[in-house]
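Student: can't give you the sequence, but here's the structure:
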């Protein structure tokens, strides 16, 4: 039978694409950190930080995945949240997402954080199932040994099942850990 084989290959292709995107985002975040000595989490020129960065086409959460009941609280209920592009494509943390991207500003530079991006050139704004990638940056900038800095796709079912303290993706989630403080 050709149809089951084709469907299985399409499914594997979506999973492979999502994993490659997560690795690509992770590499961009690592480059950002190498240049600046900080994780991409600042809220403009203030000392406030975002908890989660999302990919996605607009300022709305319409394409965010949902969360398993026991998982949502570990992702800090997704607030405060900003767009990944504001940190890795343009230096505009907390700013609006524009197409084409806005010109870089001095927000990171104003905090002695020397942005040298863009850190990501091509960015699929959603995963293979048209949902946003999520980056749990709070796990990077707080230094909490119980939480990891994740880049994650919720997978085919669209439900995040991975807690920020997990050592590997759960359910059908697809992702990579960028940083975990050693205990």
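Tutor: Looks like it came in fine. Bear in mind the structure is a predicted one, so any value in this text is a computation, not a measurement.
Student: which residue lies nearest the spatial centre of this structure?
Tutor: Note on the chain: the residue nearest the mean C-alpha position is residue 135, at 2.5 Å, using Cα atoms, centre = their mean.
Student: find me the pLDDT at that one, would you?
Tutor: Residue 135 carries a pLDDT score of 92 in this model.
Student: dump the residue contacts of residue 18.
Tutor: Applying Cβ atoms under 8 Å, 6 or more residues apart in numbering, we find residue 18 in contact with 127, 128, 153, 155, 174. (Glycine included, C-beta is placed from N, CA and C.)
Student: tell me the spacing between the last one and residue 62.
Tutor: To tie it back to what came earlier, the one meant is residue 174. Taken as Cβ to Cβ, to the nearest Å, the spacing of residue 174 relative to residue 62 amounts to 21 Å.
Student: and for the fourth one?
Tutor: Counting by Cβ to Cβ, the gap from residue 155 to residue 62 is 18 Å.
Student: wait, doesn't the residue nearest to the centre of the chain sit right on residue 52?
Tutor: Yes - with contact defined as Cβ atoms under 8 Å, residue 135 and residue 52 form a contacting pair (6.7 Å).
Student: is residue 42 in a bridge, and if so with what?
Tutor: Each beta-bridge partner of residue 42 is listed here, defined by DSSP bridges: residue 49.
Student: that one: neighbour count?
Tutor: The tally of other residues near residue 42 (other Cβ atoms under 10 Å) stands at 24.
Student: swap in residue 165?
Tutor: Counted with other Cβ under 10 Å, residues neighbouring residue 165 total 13.
Student: that's a strand at it, yeah?
Tutor: No - counting by DSSP: H, G, I helix; E, B strand; the rest coil, residue 165 is located in no strand; its state is coil.
Student: Three-state assignment for residue 150, please.
Tutor: strand.
Student: what of residue 15?
Tutor: Per three-state DSSP, the secondary structure class of residue 15 is helix.
Student: so where do the helices sit in the protein?
Tutor: 2-36, 85-88, 138-141 (DSSP state H).
Student: list the helices and strands the last one packs on?
Tutor: If I follow you right, that is helix 138-141. Helices and strands touching helix 138-141, as assessed by 3 or more Cβ pairs under 8 Å, 6 or more residues apart in numbering; DSSP states H and E, comprise strand 148-153, strand 174-180.
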